[in-house]
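Trainee: Got a predicted structure plus its sequence, pasted below:
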Amino acid sequence: MTTTLELVTPSLRPVVDALWQLYRHDLSEFRGMLPEDDGRFRAGPLPSYLDGPDDPDRCGYLVRHDDAPAGFVLLRGLESEPRVLGEFFVVRAARRQGVGYTAATEVMRRHPGRWEIAFQEENPRAARFWRRVATDLAAEPCTEERRPVPDKPHLPPDTWLFLRI
């Protein structure tokens, strides 16, 4: 079984759009988001990574597992540090098989430098996952900070990891 990353192109946009709905559904457990009237979740920041003129500071990767779409990675800060892992998702059927770990470590190795990664402590699996990735990859000890979620004072703060690859 192999896990690969494919740079998102316009032809892959419908695949990422479909995966986005699964991602937002999973995240709704921790963020209290509900679908819009049409039954779909809002696009949120997705268009800022994939729409409009080419933005050399942002990109997205489709995660494939055995050639099937299995998730995505959206990042910014390609032109200047820090690199920020904006959104990260692996479908449930591919979890606990090393797919997420391979995708996260591969994207960070492709874009070395200073990184910032946010996650929710309320999601204990994500918290363990990101701390493991940071510990395994960091060139020096990483640090953490709790930050309020912008424009959402009703939500618990995010935990941010700071590391250098």
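Mentor: That came through, no problem.
Trainee: and after the helix or strand hosting Cys59, which helix or strand comes next?
Mentor: Here Cys59 sits within strand 58-65, counting by DSSP states H and E. Of the helices and strands lying after strand 58-65 in sequence (DSSP H and E), the nearest is strand 68-76.
Trainee: how about that following strand as PDB, C-alpha atoms only?
Mentor: Extracted C-alpha coordinates of strand 68-76, given in PDB (Å, rounded to 0.1, in the frame of the first residue of the first chain):
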ATOM      1  CA  ALA A  68      -7.700   6.400  -4.400                       C
ATOM      2  CA  PRO A  69      -8.400   9.900  -3.000                       C
ATOM      3  CA  ALA A  70      -7.800   9.700   0.700                       C
ATOM      4  CA  GLY A  71      -7.500  13.300   1.900                       C
ATOM      5  CA  PHE A  72      -5.800  16.600   1.300                       C
ATOM      6  CA  VAL A  73      -3.200  19.000   2.700                       C
ATOM      7  CA  LEU A  74      -3.600  22.800   2.200                       C
ATOM      8  CA  LEU A  75      -0.700  25.000   3.100                       C
ATOM      9  CA  ARG A  76       0.500  28.600   2.900                       C
END
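Trainee: ok and that strand relative to strand 58-65, angle-wise?
Mentor: Angle between the axes of strand 68-76 and strand 58-65 is 160 degrees (criterion: axes from the mean of the first three to the mean of the last three CA atoms, to 10 degrees).
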